[in-house]
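Participant: using only what follows, build the 3D model:
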Amino acid sequence: GRQGDPGETRFYISLEDDLMRLFGGDRIQNMMEKFDLDEDTPIENKMLTRAIENAQTTVESRNFQSRKSVLEYDDVMNKQREIIYAQRRQVLDGLDIKETVLNMMHTSVSNHVALAFGENQHLDAAQYHEMLKGMEGIYFAKGAVEFSDEEIPSKTQEDFDEAFIAAAEKTYEAKEQEVTTPIMRELERVIMLRVVDEYWMDHIDAMDDLKQGVRLQGYGNNNPVDVYKRESLDMFEEMVSAIQDETVRRLYSVRLKKDEEVKRERVAKATVENVGGDGTTPKKQPVKKTVKIGRNDPCPCGSGLKWKKCTCKEYHPDL
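Facilitator: Below is the predicted model of the structure:
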């Protein structure tokens, strides 16, 4: 605390104080040693007073920047959360997302083809067949798209995109006809919701790890908040791309059990049995009270023998 007249401000300080150690502590400690003062000695020195006040200003500035950084971290996360929750709300509200799913499929297929091409303008037969492995059995059946080895080198990336997407759309329509349109729409919503939730939960953990890691950047020339914004955007885009790929993959690979109708009938039958065929609640059967008999207890049959010695059929049905 401050003591004395305005001309000579006096402070009590401790050399163990973390603030002094972090913000000008060495300088102050040297001054303390020079004047041969202990930790509890009142200090009357204007230069030392200014050093302490500067340290306090630095501390307050650091605290402000820390609070500001936390808000900026939270702001990045909130914006990403708004995007994800808007998508979830559409699904939960029962929106028809077939076009969204087909657009996801187009993107996934195009990305797969683009990855195979890389910087090349054309593919040879070996590269084409390697590319095809990643799509056959997922987006379309084997043999649904066929190019001869002779014509492959003349085909462009756009040619393959068009052929693969057309085959994938045909496969999707066939699946919809198989399971019926209403069920397909519901499958789209259920699967997308599940995938979004799975990946979003993982993303939250990854963002928390990123926040902890980038704070170390403050010891270099990098602004940790800037690093966080840049890397979190990359992570978010990767997550969205993964959600698209996984949603499409699951929708193309999902198989409904053939006994689904049987299961529903079984549930209906159980309901009738529990309620009664005429809509009335059936009479409850009396519950038989069982008596636990110890091995050394007298047998309830009245033989006078211990249960383990007795051989009566009533209480020894396994004999």
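
Participant: find the nearest non-adjacent residue to residue 160, please.
Facilitator: Leaving out its chain neighbours, the residue that sits closest to residue 160 by CB to CB, 6 or more residues apart in numbering is residue 113, at 5.1 Å. (Glycine included, C-beta is placed from N, CA and C.)

Participant: isn't the one you found up against residue 161?
Facilitator: Yes: checked against CB atoms under 8 Å, the pair residue 113 and residue 161 is within contact range at 5.5 Å.

Participant: higher neighbour count, these two?
Facilitator: residue 113 (21 against 16; other CB atoms under 10 Å).

Participant: what's the separation between the more buried one and residue 254?
Facilitator: 24 Å (CB to CB, to the nearest Å).

Participant: now do residue 48, the pLDDT please.
Facilitator: At residue 48, the model reports a pLDDT of 56.

Participant: hmm, who's touching stretch 201-220?
Facilitator: 73, 77, 80, 223-225, 227-228, 231-232, 235-236, 239 (CB atoms under 8 Å, 6 or more residues apart in numbering).

Participant: count of neighbours near residue 201?
Facilitator: Neighbours of residue 201 using other CB under 10 Å come to 10.

Participant: if I look at it, what pLDDT would I see?
Facilitator: Looking at residue 201, the pLDDT reads 93.

Participant: doesn't it fall inside a helix?
Facilitator: Yes: per DSSP: H, G, I helix; E, B strand; the rest coil, residue 201 lies within a helix segment.

Participant: low-confidence ranges in the stretch 201-319 of the chain?
Facilitator: 215-222, 258-292, 295, 307-308, 317-319 (pLDDT under 70).

Participant: which parts of it are helices?
Facilitator: Applying DSSP state H, counting those that start in this stretch to the stretch 201-319 of the chain gives helices spanning 224-253, 260-275.

Participant: cool, and the stretch 1-150 of the chain?
Facilitator: Under DSSP H, counting those that start in this stretch, the stretch 1-150 of the chain gives helices at 18-22, 25-34, 46-92, 98-117, 125-133.

Participant: could you tell me the least trusted of the ones you listed?
Facilitator: helix 18-22 (a mean of 43).

Participant: quick one: the residue nearest to residue 160 and residue 100, what's the gap?
Facilitator: Taking CB to CB, one finds residue 113 at 21 Å from residue 100.

Participant: helix or strand for the nearest residue to residue 246 once chain neighbours are set aside, which one?
Facilitator: In this structure, residue 246 finds its nearest non-sequential neighbour in residue 195, 5.0 Å apart by CB to CB, 6+ apart. According to DSSP states H and E, residue 195 maps onto helix 181-214.

Participant: residues of that helix that come out buried?
Facilitator: Using 16 or more other CB atoms under 10 Å as the test for burial, helix 181-214 gives 184-185, 187-189, 191-193, 195-196, 199-200, 203, 206-207, 210-211, 214.

Participant: what sits against residue 310?
Facilitator: 299, 301, 303, 316.

Participant: got a quick ChimeraX command for the buried subset of the residues you listed?
Facilitator: Typed into ChimeraX, the line below selects the buried ones among the contacts of residue 310, using 16+ other CB under 10 Å:
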select :299
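
Participant: out of the contacts of residue 310, which comes closest to residue 250?
Facilitator: Nearest to residue 250, judged by CB to CB, of the contacts of residue 310 is residue 316 at 56.6 Å.

Participant: that older thread, the residue nearest to residue 246 and residue 245 touch, don't they?
Facilitator: No: at 9.4 Å, residue 195 does not count as touching residue 245 under the criterion of CB under 8 Å.

Participant: from residue 231, how far off is residue 238?
Facilitator: As for residue 238, its distance to residue 231 is 11 Å (criterion: CB to CB).

Participant: now do residue 160
Facilitator: Applying CB to CB, the value for residue 160 to residue 231 is 33 Å.
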